[in-house]
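[1] Would you be able to build a 3D model of this:
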Amino acid sequence: MSEALRGGLIVGQSGGPTAVINASLVGVVEEALRHLEITHVLGALHGVQGILEGDVVDLGREDRATLEALRRTPSAGLGSGRHRLQPGDPERILAALQALDVRYFLYIGGNDSADTAHRVAAAAAERGYPLRAISVPKTIDNDLPFTDHCPGYGSIARYVAIAARDAGRDTEAMRKVDPVKLLEVPGRNAGWVAAAAALGKRSDEDAPHLIFPPERRLSLDRFLDAVRRAYDRLGFVVAVVAETVRDEQGDPIGTAAPEMGTADAFGHRRLAGAAAYLCREVASRLGLRARWDKPGTLSRSSMTCVSEVDLGEAHLVGRQAVKAALRGETDRMVTLIREPGQPYRVSTGLAPLADVANQERHLPDEYLTADGTFVTPAFLDYALPLIGGPLPEYARLRKVRFLGPG
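    Prediction:
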């Protein structure tokens, strides 16, 4: 093991905020303040943009009560961003870190953030600058490789499971008016979030009745047939649709959203309208009134449905990132490793950023039914421990028909 370097630590947050990203930040700060080798703890506002623009704060001056409250505060306390490194940026970052006497660079984020941390680490190694760069995983999409799951996923999974079940009760009550409801959920190119809708289902009547992830191509005829069969069986239907669900040619059914620009800084298409489009087809071709809902950013950062398991693990990976850097690790991402057996337990490990950066982990085939419209028990076994305990119990009236007085 290498000796710990004496100098400062800087941490930034990047990508879409989650309900628990601040727990990782607090984990980093708390652990860093325990070690005399770390002379100062800094925060980069809005990710690496803060380093490039000299917009840096002293996290060592925050009081303990603020940090404790921040641990249960959603969104990104330092401010987030999606800055894609441009030619010359790694050198500018290194110069800024040297001026700040920083030897530890921790970056909290997902796939693209891992790429940023990797490029900074590579630039430091090439120039012989003593810097240890560690990526702290964060993404609701749950699509980072080499980790059992990602901090942020357990909480959005809990949110979507409750939202789908609630949408089901609303649609069941309004079946005479609006018998079809589509719930459009995020997840980029992976169906982990869409699949999580099934975690609250207890009976055939409970929603969701159908799930359409991006891993399976979706023909319009197959979609409409599945909706019709579910409607004929139950009298109402709730289907969960991934925002990037694809047609038979592999093109997203959602159209580009020009009001947000066609793509973000990393080239990811901004999409809107998959559920709206499918609702129109249900109405025109099946003759059924249909409505759609899209929780959007509310689902990714809602503290009302935070998973206590997720919250604890987010804090854990923050602390472990600091410990890894102090041990001499660099150019690595902290991972979560599920221990075998019951009860549910995790340990942590490390994965090379070169293997993580810009890679995506999709739902495996064994987590989806043969027709691709629902999840298997294997997925439920995987995901249920992550949502932090049982969901609220709902009741359903027996509705015994009144046969008349006397």
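[2] and the residue nearest to residue 56 when sequence neighbours are not counted, what are its phi and psi?
    Distances taken as Cβ to Cβ, 6 or more residues apart in numbering put residue 42 closest to residue 56, at 5.2 Å, once the chain neighbours are dropped. Heads up, the C-betas are built off the backbone N, CA and C, glycines and all. Note on residue 42: backbone dihedrals following degrees, to the nearest 10 are phi -110, psi 160.
[3] Now do the same contact list for residue 42.
    Counting by Cβ atoms under 8 Å, 6 or more residues apart in numbering, residue 42 makes contact with 8-11, 56-59, 100, 102.
[4] For residue 73, see how far away it is.
    The spacing between residue 42 and residue 73, counted by Cβ to Cβ, to the nearest Å, is 20 Å.
[5] The most centrally placed residue in the chain in helix, strand or coil?
    In the chain, the centroid-proximal residue (Cα atoms, centre = their mean) is residue 140; its distance is 0.3 Å. Secondary structure, DSSP: H, G, I helix; E, B strand; the rest coil: residue 140 is coil.
[6] Correct me if wrong: it contacts residue 18.
    Yes: using Cβ atoms under 8 Å, residue 140 makes contact with residue 18 at a distance of 5.7 Å.
[7] Which neighbours do these two have in common?
    Going by Cβ under 8 Å, 6+ apart, residues that sit against residue 140 and also against residue 18 are 152, 155-156, 300.
[8] can you map out the helices along the stretch 1-150 of the chain?
    Ranges of helices within the stretch 1-150 of the chain are 21-32, 48-53, 64-70, 89-99, 111-127, based on DSSP state H, counting those that start in this stretch.
[9] Can you pull the domain assignment for the protein?
    7-140+304-356, 155-185+187-242+244-293+362-387 (automatic domain parsing).
[10] Least reliable of those by average pLDDT, please.
    Note on the domains of the chain: lowest mean pLDDT is at domain 155-185+187-242+244-293+362-387, with a mean of 91.
[11] so how far is it off the chain centroid?
    17 Å (Cα atoms, centre = their mean, to the nearest Å).
[12] Farthest pair within the shared contacts of residue 140 and residue 18?
    The span of the shared contacts of residue 140 and residue 18, defined through Cβ to Cβ, is set by 155 and 300 at 8.4 Å.
[13] Now do the shared contacts for these two.
    Common neighbours of residue 155 and residue 300 (Cβ under 8 Å, 6+ apart) are 18-19, 140.
[14] you'd agree residue 250 is up against residue 217?
    Yes: here residue 250 reaches residue 217: they are 6.7 Å apart, a contact under Cβ under 8 Å.
[15] who's more crowded, those two?
    Under the neighbour definition other Cβ atoms under 10 Å, residue 250 and residue 217 were set side by side, and residue 217 has more, 14 against 8.
[16] does the more buried one really touch residue 244, like I thought?
    No: with contact defined as Cβ under 8 Å, residue 217 does not count as touching residue 244 (11.9 Å).
[17] Export the helices of the stretch 1-150 of the chain to CSV and append columns for mean neighbour count and distance to residue 343.
    Shown next, in CSV, are the helices of the stretch 1-150 of the chain (neighbours: other Cβ atoms under 10 Å; distance: least, Cβ to Cβ, whole Å):
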stretch, mean neighbour count, distance to residue 343
helix 21-32, 26, 21
helix 48-53, 21, 39
helix 64-70, 12, 27
helix 89-99, 17, 42
helix 111-127, 22, 30
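[18] quick one, which of those is nearest to residue 136?
    Counting by Cβ to Cβ, and looking across all of the helices of the stretch 1-150 of the chain, nearest comes helix 21-32 at 5.2 Å.
[19] what packs against the closest one?
    Applying 3 or more Cβ pairs under 8 Å, 6 or more residues apart in numbering; DSSP states H and E, one finds that helix 21-32 contacts strand 7-13, strand 38-44, helix 64-70, strand 102-109, helix 308-327.
[20] I am finished for the moment; much appreciated.
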